[in-house]
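Asks: Turn this into a structure:
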Amino acid sequence: MSERSGIGGMIGKGLFEASHQLFEKWHRFQEGLLEEAVFREEMASVRTTVEHLLTQGSVCLDEKVSGQCAKILTVAPALWTFDRIPGAEPTNNAAERAVRHGVLWRKGCFGTDSEAGSRFAERIMTVAATCRQQKRNVLEFLMQAIHANLRGQTAPSLLPR
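Replies: Next comes the predicted model:
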């Protein structure tokens, strides 16, 4: 958007600048250089700017920009989850890292040959990613699940302990 000409480009440049402000403040907050109350106040200012630019963009004459801005506005509250929920980040980097193993596996083996194989791959990769996030031993979890199944017992839970 920021590389477009006219009003669309101006809106894109404004959003680009706002994202720089957001991450600069986020990193300062993470490093302990910005108190939480100040961070929240500054995020409110950035949010106001972003939502104003998106609103302007959603009605501009540049169809691509107006469409993108309107689409983003429909999920605008989700953009600020990190500001409401402690521990949440303003990026999806953690999710990208969590699915990385599965993406590499799929590219390396060209997927599966059946629906059942696809379900197995989905489930085993979900278990592995969840165990890694919770710093649990994947093999130990799988062994517990298999033993529980063989004994007719309830499988161990993947929900955080």
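Asks: Quick check: residue 6 touching residue 62?
Replies: Yes. Counting by CB atoms under 8 Å, a contact exists between residue 6 and residue 62, whose distance comes to 6.3 Å. Bear in mind the C-beta positions are built from the backbone N, C-alpha and C, glycine included.
Asks: Name the residue in the two with the higher neighbour count.
Replies: Set side by side, residue 6 and residue 62 give different neighbour counts by other CB atoms under 10 Å, the larger being at residue 62 (20 against 11).
Asks: Name the nearest residue to the more buried one, sequence neighbours excluded.
Replies: Spatial nearest neighbour of residue 62, excluding adjacent residues (CB to CB, 6 or more residues apart in numbering): residue 8 at 3.3 Å.
Asks: how many other residues sit next to residue 69?
Replies: For residue 69, using other CB under 10 Å, the count is 23.
Asks: so what's it up against?
Replies: Residues counted as contacts of residue 69 (CB atoms under 8 Å, 6 or more residues apart in numbering) are 11, 53, 54, 55, 56, 57, 58, 60.
Asks: Hmm, the second one is touching residue 15, no?
Replies: Yes. Assessed by CB under 8 Å, residue 53 is found in contact with residue 15 at 5.4 Å.
Asks: Which residues in the helix or strand harbouring residue 18 does the neighbour count mark as buried?
Replies: Element membership of residue 18, judged by DSSP states H and E, is helix 6-30. Under the neighbour-count criterion of 16 or more other CB atoms under 10 Å, helix 6-30 has 7, 8, 10, 11, 12, 14, 15, 18, 22, 25, 26, 29 buried.
Asks: With stretch 121-133 instead?
Replies: Residues 121, 125, 127, 128, 129, 130, 131 are the ones in stretch 121-133 that count as buried (16+ other CB under 10 Å).
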